[in-house]
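Colleague: My questions concern the predicted model and sequence given below.
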There are 2 protein chains.
Amino acid sequence: MAVIEETLQANQAYASAFTKSHLPMPPGRKLAVVVCMDARIDPARALGLEEGDAHVIRNAGGRISEALRSLTISQLLLGTEEVAVIHHTDCGMLTFTDDSLRKDVRQKLHADADHIAFLPFSDVEQSVKDDLVQYRQSTIVRQDIPVRGFVYDVKTGRLTEVN
Amino acid sequence: MAVIEETLQANQAYASAFTKSHLPMPPGRKLAVVVCMDARIDPARALGLEEGDAHVIRNAGGRISEALRSLTISQLLLGTEEVAVIHHTDCGMLTFTDDSLRKDVRQKLHADADHIAFLPFSDVEQSVKDDLVQYRQSTIVRQDIPVRGFVYDVKTGRLTEVN
């Protein structure tokens, strides 16, 4: 069976037991989390988040530059007042360069990705620091709220703050 | 206590009981999910996903245009072979326009967001259809794999496919 079919079966069970029918749109705990799409990370479980608590923004690497649009909406329209940026050990973004992936795209998809920045990095602590700077340089997000950066260890499940 | 501090406490408990130390980087179930950042949606619980199963890409609206970079990486480097696109009822993206949010940014942050497309929409089924078209028009993602679109009902927890 295709995996999407399996997830639809799982969703039927989830919906049958669903009790959170009347949650409001704004996140109850006023938190936005930016985290990598990595399959090994479950932000809700790892951070103790329930449905309704927090916006969760995820992309390859957990890069801030691609999260700014979402953060503007999260903060200005839906009232979040803290941001956590989470990158992680053993990240796929450590395994390639723009050049190598552009070559892959050419070989496998016969397409040109030379104009695309895939945002890889070579050091996960540095990438968190870079993204905190990127946040601080943006004019379309709030600068008067806590914004903190973390590395998640996929071998231990533990977050460590990057200062 | 700041919410981020509370999540760090929750993370200590999660890490103390952590048993998934040796999951490989590529998603075990070869699935990538693109879904809105909305706080009321927990993709792992709603789709029956465990740590290690699937890439989860989230942004305001669950918009494909902002997920393509991540999907290229997911597919070409990490082997995912199915894509599910999930938008949802009562989405924040239904509540504003680019013009209204740009005005908010000017008033609240004293900044110019006139160059930014915030990607709102006025019909959630249509936005899924639009994003499936957007996927189909991209040259940097695989066109030979299943790509399916859904609306998640925040009042019932149930997914409905958009055809």
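Modeller: Ah, there it is.

Colleague: Let me see the ranges of the helices in chain A.
Modeller: A:3-16, A:43-47, A:68-72, A:98-109, A:124-137 (DSSP state H).

Colleague: quick one: average pLDDT of the second one?
Modeller: Spelled out, it's helix A:43-47. Helix A:43-47 shows a mean pLDDT of 98.

Colleague: Tell me the gap between that helix and the middle of its chain.
Modeller: Distance, stretch centre to chain centre, for helix A:43-47: 12 Å (C-alpha atoms, centre = their mean, to the nearest Å).

Colleague: Please identify the buried residues of it?
Modeller: A:P43, A:A44, A:R45, A:A46, A:L47 (16 or more other C-beta atoms under 10 Å in any protein chain shown). C-beta coordinates here come from the backbone N, C-alpha and C atoms, glycine included.

Colleague: Excluding covalently adjacent residues, which one is nearest to A:R142?
Modeller: In this structure, A:R142 finds its nearest non-sequential neighbour in A:Q75, 5.0 Å apart by C-beta to C-beta, 6 or more residues apart in numbering or on different chains.

Colleague: what about chain A, any weak spots by pLDDT?
Modeller: For chain A, no stretch has pLDDT under 70.

Colleague: The same query, at a cut-off of 80, please.
Modeller: A:1 (pLDDT under 80).

Colleague: picking that back up, I'd guessed the residue nearest to A:R142 sits against A:P27; true?
Modeller: No: look at A:Q75 against A:P27 with C-beta atoms under 8 Å: they stay out of range, at 10.6 Å.

Colleague: And these two? Which one has more around it.
Modeller: Using other C-beta atoms under 10 Å in any protein chain shown as the criterion, A:Q75 and A:P27 rank with A:P27 on top: 26 against 23.

Colleague: For that one, list the residues it contacts.
Modeller: With contact set as C-beta atoms under 8 Å, 6 or more residues apart in numbering or on different chains, A:P27 has these partners: A:G52, A:D53, A:A54, A:H55, A:S74, A:L78, A:G79, A:T80, B:A39.

Colleague: Give me the buried subset of the residues you listed.
Modeller: Applying 16+ other C-beta under 10 Å to those flags A:G52, A:D53, A:A54, A:H55, A:S74, A:L78, A:T80, B:A39 as buried.

Colleague: Format these as a markdown table; extra columns: distance to A:R63.
Modeller: Shown next, in a markdown table, are the buried ones among the contacts of A:P27 (distance: C-beta to C-beta, whole Å):
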| residue | distance to A:R63 |
| --- | --- |
| A:G52 | 26 |
| A:D53 | 23 |
| A:A54 | 19 |
| A:H55 | 16 |
| A:S74 | 16 |
| A:L78 | 21 |
| A:T80 | 18 |
| B:A39 | 21 |
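
Colleague: Mark which of those residues are part of strands, please.
Modeller: A:A54, A:H55 (DSSP state E).

Colleague: got a list of what the closest residue to A:Y152 other than its chain neighbours touches?
Modeller: Of all residues not flanking A:Y152 in the chain, A:H88 sits nearest, at 4.1 Å (C-beta to C-beta, 6+ apart). The neighbours of A:H88, taking C-beta under 8 Å, 6+ apart as the test, are A:V35, A:C36, A:D38, A:R40, A:I41, A:G62, A:V124, A:V151, A:Y152, A:D153, A:V154.

Colleague: Please look at the first one and A:H55 and confirm they touch.
Modeller: No: taking C-beta under 8 Å as the definition, A:V35 is not a contact partner of A:H55, at 10.9 Å.

Colleague: What is the most widely separated pair among the buried ones among the contacts of A:P27?
Modeller: Farthest-apart pair in the buried ones among the contacts of A:P27 is A:G52 and A:S74; separation 14.2 Å (C-beta to C-beta).

Colleague: contacting residues for A:D130?
Modeller: Contacts of A:D130 (C-beta under 8 Å, 6+ apart): A:F121.

Colleague: Could you report the distance from it to chain B?
Modeller: Applying C-beta to the nearest C-beta, to the nearest Å, the value for A:D130 to chain B is 17 Å.

Colleague: ok, what's across the strand from the closest residue to A:E161 other than its chain neighbours?
Modeller: What sits nearest to A:E161 in space, not counting adjacent residues and going by C-beta to C-beta, 6+ apart, is A:F150, at 5.5 Å. Going by DSSP bridges, A:F150 is paired in beta bridges with A:I86, A:E161.

Colleague: How many residues are close by A:F150?
Modeller: For A:F150, using other C-beta under 10 Å, the count is 24.

Colleague: count of neighbours near A:I116?
Modeller: Look at A:I116: counted by other C-beta under 10 Å, it has 15 neighbours.

Colleague: right, and it touches A:R106 too?
Modeller: No: using C-beta under 8 Å, A:I116 is not in contact with A:R106, being 12.0 Å away.

Colleague: right, and A:D114 touches A:L101 too?
Modeller: No: applying C-beta under 8 Å, one finds A:D114 not in contact with A:L101, separated by 10.7 Å.

Colleague: Looking at these two, which one has more neighbours?
Modeller: A:L101 (21 against 10).

Colleague: The more buried one contacts B:T72, correct?
Modeller: Yes: assessed by C-beta under 8 Å, A:L101 is found in contact with B:T72 at 7.1 Å.

Colleague: I am finished for the moment; much appreciated.
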